[in-house]
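A.B. asks: Provide a 3D model corresponding to the input given below.
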Amino acid sequence: MKLLFLIVILSCLATLLSAQSTSFDITPKLFPTNKFCRRKIEVDRNEKTIKFTSKALCTLDRLNATAVGSFSEMEFLASLERFPLIAMKAKTAIKIVTPITKIERELAIVVGSAFGVDRIIEYQETSGVEGYQPGNDTVVKIYNLREQTWKIVDLSKKLLNDSDNSYIYHALVETNITNFCTVRMSAVISTATVQIDSSKFASRAGVVQVLNPSSLKVSFELANIQYSQSNSLIALGTIVAFRGSRREKSSGENETLKPSSGTRESSAVEKPDDANDDQAVSQFDNDLNTQLDGNQAILPKPFFSFQKFISKYSSSSPTVVTRGKLIYTPFRNIEGSLNSDEQFIKDKSEASNAVVARFWVSLTERVENVIWDPSSGSSENSNYLAATSGASSQSLISFLLVLISLIICNLL
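C.D. replies: Presented below is the predicted three-dimensional model:
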């Protein structure tokens, strides 16, 4: 028992020192729900990549052998090898019965996607159409993000409040582009469902933003922007790679999640894969018809989503964050040969037959600091999730020791 007490105290001190030396902008709070599978996360880091391996703690005994509520294992890779990108890969096993032979067999299913911002355009709007129109607006400068020097600023793990076994992980990378701005990309992933907020997010009345364990939330930030022309604007060149086909999710397909106790009933809960007026969601079928040999099965749907607005703030008033307008072009599948950036993101999707698409995100006003929020992950189907495993009971003495040690940590 003394050893347990000492371990917890040392862990708290380590967390305290980490918090003092790094930035953790997200404010998380546990969101009680049984709609999602709790997960265990392992982290592997080198100079240019951070990999989060997320393993499901739900049992794989299913009500229906041909239905899976959550992927058994997921990998999220944050890479700086060329430009900042997030790659997601997930896998699970599915049992199918061949119609003719009636023989049951197990198939390994692998899905994946990747997205990244490979360039920033400073442009002048000359086409008469709001937002950057490639080939029709005047390009002032192109900042290729592969030409910048990127570094990992933070990789931290934080114990969630009122929990002894739930954590949220935060990664932050950045680069300074001379005479232009600082570019930061952060990623957040959690072992349990959490309600998230940040001092850098524009507030939305009546909206509770939730991050479930099978999703990763990204914030792409431009800070201290210095424009080279008096009437120029900014656009982000975004590329996405995925297997199979892409479809835009509609709001009618969302799985509703009720607000937790203590939250106003009128509040709307927004998950990363919820399509609505504020968030666009792309779902990928990952060529499942081929992987399933033409058989039918119910599987989680991988997705890429992003907010349809920006959060903006001025350098003189960094605590005042407001909402700004954002314009984005339709996704355009790239046919024929790929350039080196496009080929790189295709390779990261780990599928030789992956489709690569590009779209542009444009700011419609001049701002000093801006944040745009994409997300990646997979949906979950609560109808095919069994009880969460791994929640071990503790003796009363162990519980009291942990409780006392946490109180001491709060007093440090």
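A.B. asks: pLDDT weak spots in the stretch 251-400 of the chain?
C.D. replies: By pLDDT under 70, the weakly predicted segments of the stretch 251-400 of the chain are 260-266, 386-400.
A.B. asks: cool, the stretch 51-200 of the chain as well?
C.D. replies: Ranges of the stretch 51-200 of the chain meeting pLDDT under 70: 59-65, 162.
A.B. asks: now the helices for the stretch 1-150 of the chain?
C.D. replies: Under the criterion DSSP state H, counting those that start in this stretch, the stretch 1-150 of the chain contains helices at 2-21.
A.B. asks: My assumption is that residue 252 lies in a helix; please confirm.
C.D. replies: Yes. Assessed with DSSP: H, G, I helix; E, B strand; the rest coil, residue 252 lies in a helix.
A.B. asks: in this structure, which strand has the most residues?
C.D. replies: For the chain, the strand that runs over the most residues, judged by DSSP state E, is strand 104-124.
A.B. asks: could you pull out the strands for the stretch 51-200 of the chain?
C.D. replies: For the stretch 51-200 of the chain, the strands defined by DSSP state E, counting those that start in this stretch cover 73-79, 85-97, 104-124, 138-144, 151-159, 167-177, 181-190, 194-198.
A.B. asks: Which positions within the longest one qualify as buried?
C.D. replies: Within strand 104-124, the residues scored as buried using 16 or more other C-beta atoms under 10 Å are 109, 111-123. C-betas here are computed from N, CA, C, even on glycine.
A.B. asks: Now find how far off-centre that strand is within its chain.
C.D. replies: Averaging C-alpha positions (C-alpha atoms, centre = their mean, to the nearest Å) puts strand 104-124 12 Å from its chain's average.
A.B. asks: residues touching residue 257, list them.
C.D. replies: Counting by C-beta atoms under 8 Å, 6 or more residues apart in numbering, residue 257 touches 33, 35, 210, 269, 271.
A.B. asks: Report the beta-bridge partners for residue 282.
C.D. replies: residue 248, residue 304 (DSSP bridges).
A.B. asks: doesn't residue 247 make contact with it?
C.D. replies: Yes. Here residue 282 reaches residue 247: they are 7.2 Å apart, a contact under C-beta atoms under 8 Å.
A.B. asks: more crowded one of these two?
C.D. replies: Neighbour comparison, residue 282 and residue 247: the larger count goes to residue 282, with 22 against 12 (by other C-beta atoms under 10 Å).
A.B. asks: Quick check: the more buried one vs residue 149, distance?
C.D. replies: 31 Å (C-beta to C-beta, to the nearest Å).
A.B. asks: With residue 213 instead?
C.D. replies: Taking C-beta to C-beta, one finds residue 213 at 33 Å from residue 149.
A.B. asks: The two: who's more crowded?
C.D. replies: Set residue 213 next to residue 149 and count neighbours by other C-beta under 10 Å: residue 213 wins out with 25 against 8.
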